[in-house]
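[1] dropping a prediction and its sequence here:
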Amino acid sequence: MTVVCACATFEESAYYCEGADLFKLGAFSDDLASEFEAAAGLAAGQGLDGVAVRNVGGRNIVDVDVPDVRVIKRQADAHGLEIASVGSQYGRDCYVDSDDDQRRAEQQLERALRAAELLDAPLVRIFALWLPGQEPLPEWHRRPQYPDCLPAVVARLRSSVRMAERAGITLMIELEGASYAGRATEARQLIEALDSPSVALCWDVCNGWWSGEQPWEDGYREATQVRIVDVQTKDVPATPEDPARPTFGRAVVGEGDVPYAKIIPALIASGYEGYFTVERVHHPRKPEEQPELQQATLADIRNLKALVAAGSRQEVRHRG
């Protein structure tokens, strides 16, 4: 059950409770602190429902030893938090024409599924395999040819999907411009082609925009045609000369130009039951070495709560 945010006014809290049985709020633990105990304390103090676990103590969660994973679970429970998802790197630097890459990715997925089971996490984040030469952000708008590329990608992912089905865990495909699913329309086609209850969408709205998809006009329509289990909320300003094009800078959620003020109320009104998750762009340094990262994440959380409260008010007025 969602905990009312400490920073909300009494009126905002009342509206927030209206949606408490549906959506949940979270953040990546390693955006708050590299050690899980400290991150969990901050997340609980902000009234979050759960945390996505990606890196702990400088290691990806899939590389953390089983006894330490069990400690993470106990710490989350002690703070009243659930583990929303396991942030694996499956698909990153994994190319569709490489058998070796696929074997390595499936070994990584096996560890991710094991971690998810130990953490009682229903979701494992994956990427839809890597595109050659697409790593730099300015290249993300160059998209693969759909639907021609689908058969090869689906064939590569099939065995991984079966692994998730056997484990009873959902693979959520995150939008990522360096992958075959940079836009919501690409992810939709891929998810429909895989046709499995163990595959869903992690809608990183900003990544879709960086990949050339307008978040509201195109992204929302495409994303909502499949099951969304997580909406990652990071924000950026538009370019001054063209409001339809994003910059590669960052802004606090709600202070940039990603249209969350439209997207969040629309999802709430639709009965969305997944997470809204604060995420900063992947960073090589720990929050302890980059204090502004932690402060920016906390600001994102506060603003996300305000957006959710406003969206809930709109839904209450609509029902009234």
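    Okay, I see it.
[2] now residue 199: phi and psi?
    phi -130, psi 130 (degrees, to the nearest 10).
[3] an error on my part: the question was meant for residue 229.
    According to degrees, to the nearest 10, residue 229 has phi -110, psi -10.
[4] heads up, I number from 596, so please use that
    Sure thing, new numbering starts at 596, so read that last one as residue 824.
[5] near it, how many other residues are there?
    By other C-beta atoms under 10 Å, the residues close to residue 824 number 22. The C-beta positions use only the backbone N, C-alpha and C, and glycine is treated the same way.
[6] ranges for the strands of this protein?
    Secondary structure of the chain by DSSP state E: the strands cover 619-623, 645-648, 650-651, 654-655, 677-682, 718-721, 765-769, 794-799, 823-828, 833-834, 837-841, 870-873.
[7] give me the pLDDT for the residue nearest the centre of the chain.
    Of all residues in the chain, the one closest to the mean position by C-alpha atoms, centre = their mean is residue 827, 4.0 Å from it. Here the pLDDT value assigned to residue 827 is 98.
[8] next one: residue 894
    Predicted confidence (pLDDT) for residue 894: 98.
[9] kindly report the same for the one 5 residues further on.
    Turning to residue 899, the model gives it a pLDDT of 98.
[10] on that earlier part again, in CSV, list the strands of the chain along with distance to residue 775.
    As requested, those are exported to CSV (distance: least, C-beta to C-beta, whole Å):
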stretch, distance to residue 775
strand 619-623, 23
strand 645-648, 22
strand 650-651, 24
strand 654-655, 22
strand 677-682, 19
strand 718-721, 12
strand 765-769, 9
strand 794-799, 14
strand 823-828, 18
strand 833-834, 26
strand 837-841, 21
strand 870-873, 22
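[11] to residue 633, which of these lies closest?
    For residue 633, the closest of these is strand 650-651, at 10.7 Å, according to C-beta to C-beta.
[12] name the helices or strands packed onto the closest one?
    helix 624-627 (3 or more C-beta pairs under 8 Å, 6 or more residues apart in numbering; DSSP states H and E).
[13] chain center to the helix it packs on, what's the gap?
    Mean-position distance between helix 624-627 and its chain equals 13 Å (C-alpha atoms, centre = their mean, to the nearest Å).
[14] and for residue 837, the neighbour number?
    When neighbours are defined as other C-beta under 10 Å, residue 837 has 8 of them.
[15] just residue 662 next, same as before
    Counted with other C-beta under 10 Å, residues neighbouring residue 662 total 8.
[16] do the same with residue 856
    By other C-beta under 10 Å, 14 other residues sit near residue 856.
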